[in-house]
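> Sequence and predicted structure are below.
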Amino acid sequence: MGDGADLKVDGAISSQLTDIARAAGELERRGYDCCWTAEVNHDPFLPLVLAAEHTTRIELGTSIAVAFARNPMTVANVGWDLQDYSKGRFVLGLGSQVQAHIEKRFSMPWSRPVARMREFVLALHAIWECWRDGTRLQFEGDFYTHKLMTPMFTPEPQSYPFPKVFVAAVGEAMTEMCGEVADGVLAHAFTTKRYFEEVTIPALQRGMARSGRNRRDFQVSAPVFVVTGHDEAEVAANAVGTCKQIAFYGSTPAYRKVLELHGWGDLHTELHRLSLQGQWDAMGTLIDDEVLDTFAVVAPIGEVATAIRDRCDGVIDRVLIGFPRTIGEDTVSAVLRELRGQPGN
């Protein structure tokens, strides 16, 4: 897990349909390994149909689709079809969202999110096994029941494996569940290397031990803040926005434990206080160089590939990188080649 030898480098695209073909093709040309969509203000699945049509190599995934806004049968259907249409390149990334969104935005039930997500993943596999093997569908759990499947509603066979299922996790209980039943975990950008080493990876290993799984068959996927530039002034300018992002996440109670691990619990208290007052710019100024270096890869463009590898080594198998807008396409492509140990042009 995360040995650096075969680090995958992923990119994200907007889910706006008019831009999908160009954006997905651009990621593939640059050499990214996966193209991720997110469920923000657009559906995350529909864009991947277009992405599959206009690419041939790159993996296509959702990071994330809101699981509890749907049910296992509807997600199994779309996952089966996308896996078939993309010729085996689809990765199903799921997340729980939070109670307020599930109940008040999606009008769906919320309870025991870890147990519910575990059952959701198990139900997906039960449905897919029914379609692949022709076995009777007989899944009955605490949250989901799927016991009816007739030939009319069974999709045509396909020759690809089931989609890999990744689950977003922040807390230890959800992370442990990922290790038990999922194929990968989608970690949050507000996760330091120390937190990975001391909290995330041990929790994953506990889950894997419960199901007798091998860690080599599991992937840790995570975004990494990257602050870079061609000179010190450009690096400093690009750091401003990242400091604001880190401050925003640091103000959120769900991520307090990450700061507390580093002895920065008081920083969360102050960031949270300022967030309630809407003082977003002031919050960014509280992120000093030590905090920035802990949460972000900060390096000039000539050293950034090595710095990203160092950050991922031992903990991250696939990294989602967002380069500052000031870094041109040719430079990004060169960094990606260096990350893979490939010679330049």
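All right, it came through fine.
> Surely Ala168 touches Leu94?
Yes - the pair Ala168 / Leu94 is scored as a contact, 7.0 Å apart, by C-beta atoms under 8 Å. No exception for glycine: its C-beta is placed from N, CA and C like everyone else's.
> any shared contact partners between the two?
Applying C-beta atoms under 8 Å, 6 or more residues apart in numbering, one finds that Ala168 and Leu94 are jointly contacted by Ile64.
> Got the confidence number for the closest residue to Leu261 other than its chain neighbours?
Spatial nearest neighbour of Leu261, chain neighbours left out: Tyr195 (5.7 Å); criterion: C-beta to C-beta, 6 or more residues apart in numbering. According to the prediction, Tyr195 has pLDDT 96.
> can you count the residues close to Phe153?
By other C-beta atoms under 10 Å, the residues close to Phe153 number 11.
> Tell me how far the residue nearest to Leu261 lies from Gly263.
13 Å (C-beta to C-beta, to the nearest Å).
> Between the two, point out the one with more neighbours.
Under the criterion of other C-beta under 10 Å, the comparison of Tyr195 against Gly263 puts Tyr195 first, with 22 against 8.
> So which other helices or strands are in contact with whichever strand or helix holds that one?
Using DSSP states H and E, Tyr195 sits within helix 193-195. If you count contacts as 3 or more C-beta pairs under 8 Å, 6 or more residues apart in numbering; DSSP states H and E, helix 193-195 packs onto helix 256-261.
> Run the chain-centre distance for the helix holding Tyr195.
17 Å (C-alpha atoms, centre = their mean, to the nearest Å).
> Could you list the low-pLDDT ranges of this protein?
1-5, 342-345 (pLDDT under 70).
> So which other helices or strands are in contact with the lengthiest helix in it?
Ordering each helix of the chain by length in residues (DSSP state H) puts helix 113-133 first. Contact analysis of helix 113-133 by 3+ C-beta pairs under 8 Å, 6+ apart lists helix 72-85, strand 90-95, strand 139-140, strand 145-146, strand 164-168, helix 172-181 as its packing neighbours.
> Deepest-packed of the ones you listed, please.
By mean neighbour count, with neighbours taken as mean count of other C-beta atoms under 10 Å, strand 90-95 ranks first of the helices and strands packed on helix 113-133 at a mean of 26.
> Contacts for the helix or strand following that one, please.
The element immediately downstream of strand 90-95 (helix or strand, assigned by DSSP H and E) is helix 99-100. With contacts defined as C-beta under 8 Å, 6+ apart, helix 99-100 is touched by Trp110.
> can you give me the offset of helix 99-100 from its chain's centre?
21 Å.
> Same check on stretch 130-150?
28 Å.
> Looks to me like Leu320 is in a strand.
Yes - membership of Leu320 in a strand is supported by DSSP: H, G, I helix; E, B strand; the rest coil.
> Who is it paired with across the strands?
Asp10, Pro223 (DSSP bridges).
> could you measure it against Leu94, distance?
Distance of Leu320 to Leu94, given as C-beta to C-beta: 16 Å.
> try Leu60
Leu60 is 15 Å from Leu94, by C-beta to C-beta.
> which residue packs closest to Leu336, ignoring adjacent ones?
That would be Gly31: by C-beta to C-beta, 6+ apart, it lies 4.7 Å from Leu336.
> ok, that neighbour - contacts?
9, 333, 336-337, 340.
> List the ones among those residues that fall in helices.
333, 336-337.
> Helices of the stretch 151-300 of the chain, start to end?
All helices of the stretch 151-300 of the chain, identified by DSSP state H, counting those that start in this stretch, fall at 172-181, 193-195, 201-211, 232-250, 256-261, 265-276, 280-285, 289-295.
> What lies in contact with the shortest one?
Translated: helix 193-195. 258, 261-262, 294, 311, 315.
> for these, which one is nearest Ala67?
Nearest to Ala67 out of those is Val258 (C-beta to C-beta; 23.5 Å).
> For burial, what's the neighbour tally of the closest one?
With other C-beta under 10 Å as criterion, Val258 counts 22.
> change the start of the numbering to 44 and stick with it
Yes, from this point I'll number from 44; that puts the last item at Val301.
> so it touches Phe239, yeah?
No - assessed by C-beta under 8 Å, Val301 is found out of contact with Phe239, at 10.2 Å.
> Grab the nearest non-local neighbour of Val121.
Nearest residue to Val121 in three dimensions, chain neighbours excluded: Phe88, at 5.1 Å (C-beta to C-beta, 6+ apart).
> Sweet, I'm off.
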